[in-house]
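>>> Provided below for reference: sequence and predicted model.
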Amino acid sequence: MITIRLNAEDVGRIRFALSPVWEAVTSVRALSNNPARSVHAPWMQKVCPIIDGPDLTLLKALIPPVGYIPDFITPAPPRRTTSLESGLAAIAATPHHLVTDELGRLHHETPHPLLPDLVAHPAKALDLITSALESYWRRAIEPDWRRMRALLQEDLAFRLDELAAGGIERLFRNLHPSIRFSVSRIEIDRPFVCDGEPMAGQGVLLVPSVFSWPAGLSVTAAPYVPTITYPPRGLGRLWEDRQDTTDSPLADLVGRTRAAIVSHLDLPMSTTHLAHQLGVSAPTLSVHLSILRSAGLVDSRRDGRAVLYHRTALGTQLLTAATPLASTA
């Protein structure tokens, strides 16, 4: 059982954030732990032939299949959304004594021949780790990051609605079966014993993570912000192939381009992202989106400076009805 003890100030500072670095770290563990038929099997089949090499060897030494992961390689994002570059910069700024202590603990718990040299040379370790993470990210995560990020943003929107509708207790009740909240603590059902008390005023950071499935990771030790990852809602949709709507009744009803738009919006997308996916200009796409929104097939919401479009329940109903209708035509 992992327990994070809270005071009143901590409860008021519970917040959410997305982290590209956390996604990279959890994906390395997923490569070791997810079987061929897991939810991430399509991603693994795509990336495994192109990611093997020294970078992955180093990252697997730092991120074993089970047990302790050095906390400094999963820094807490300062804002709700952040970039890979800012996460790598936070890692690079880690005090050398923390690098030595945490890598030493890792080597004690999960020995690896690469670790002693990293323990002895923390500055070199930071350079190697940030370089390996960036290289791995470009090959394994970046090609699908827009789609992953859309799923994570959709989850954040849902969680914030839950918080607004029912407060902290409702938020945690629906967050993940292994995570429980009370006024004074958060408990996580994991096969480890950890009892952490955050430094005053830091609160708790909740990070939805695609690759934390089926169970998340947590950071509880000072001086870090207590952090819990959890799988986002709708994860099963992430790697699904989109339905071909070219000759579907939906295309006959609204046109091929608009049917393709409805099909692509299984996850929220900006106009720029959707235009790139479909190969149409942004102005043309905006006209189609306006018509589809008027018909009740898509809707939109603002996320910071971006406007994200998503398929409505009616759009989903018409899309899913298209295949059986086509088969009986």
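That came through, no problem.
>>> Could you use CA atoms for every contact and neighbour count after this?
OK.
>>> what sits up against stretch 46-55?
By Cα atoms under 8 Å, 6 or more residues apart in numbering, the list of residues contacting stretch 46-55 from outside reads 132-133, 135-136, 139-140.
>>> Quick one: end-to-end distance for that stretch.
The first residue of stretch 46-55 is 18 Å away from its last residue (Cα to Cα, to the nearest Å).
>>> Just the buried residues of that stretch, please?
Buried residues in stretch 46-55, counted by 16 or more other Cα atoms under 10 Å: 51, 55.
>>> That one: how far from the chain's middle?
20 Å (Cα atoms, centre = their mean, to the nearest Å).
>>> Let's have the contacts of stretch 46-55 in JSON lines, adding neighbour count, distance to residue 15 and secondary structure.
Converted to JSON lines, those look like this (neighbours: other Cα atoms under 10 Å; distance: Cα to Cα, whole Å; DSSP: H, G, I helix; E, B strand; the rest coil):
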{"residue": "132", "neighbour count": "17", "distance to residue 15": "29", "secondary structure": "helix"}
{"residue": "133", "neighbour count": "21", "distance to residue 15": "25", "secondary structure": "helix"}
{"residue": "135", "neighbour count": "15", "distance to residue 15": "30", "secondary structure": "helix"}
{"residue": "136", "neighbour count": "22", "distance to residue 15": "28", "secondary structure": "helix"}
{"residue": "139", "neighbour count": "14", "distance to residue 15": "30", "secondary structure": "helix"}
{"residue": "140", "neighbour count": "20", "distance to residue 15": "28", "secondary structure": "helix"}
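>>> Tell me the one among these nearest to residue 202.
Using Cα to Cα, residue 133 comes nearest to residue 202 of the contacts of stretch 46-55, at 26.5 Å.
>>> mind listing what the closest one touches?
By Cα under 8 Å, 6+ apart, the contact set of residue 133 is 21, 24, 55, 59, 88.
>>> What residues does the first one make contact with?
Contact analysis of residue 21 by Cα under 8 Å, 6+ apart lists 73-75, 84, 87-88, 133.
>>> Equivalent analysis for residue 97, please.
For residue 97, the residues meeting the contact criterion (Cα under 8 Å, 6+ apart) are residue 122.
>>> ok, now how distant is it from residue 67?
The separation that residue 97 has from residue 67, given Cα to Cα, amounts to 21 Å.
>>> same thing with residue 309?
As it turns out, when the distance is counted by Cα to Cα, residue 309 lies 39 Å from residue 67.
>>> unless I'm mixing things up, residue 229 is touching residue 211, no?
No - judged on Cα atoms under 8 Å, residue 229 makes no contact with residue 211 at a distance of 9.5 Å.
>>> now, which of the contacts of stretch 46-55 sits nearest residue 8?
residue 133 (36.5 Å).
>>> looking at the chain, which helix or strand does the model trust least?
For the chain, scoring each helix and strand by mean pLDDT, DSSP states H and E identifies strand 194-196 as the least confident one, at a mean of 53.
>>> same question for the very next helix or strand once past it, mean pLDDT?
Downstream of strand 194-196, the first helix or strand assigned by DSSP states H and E is strand 205-208. The predicted model gives strand 205-208 an average pLDDT of 92.
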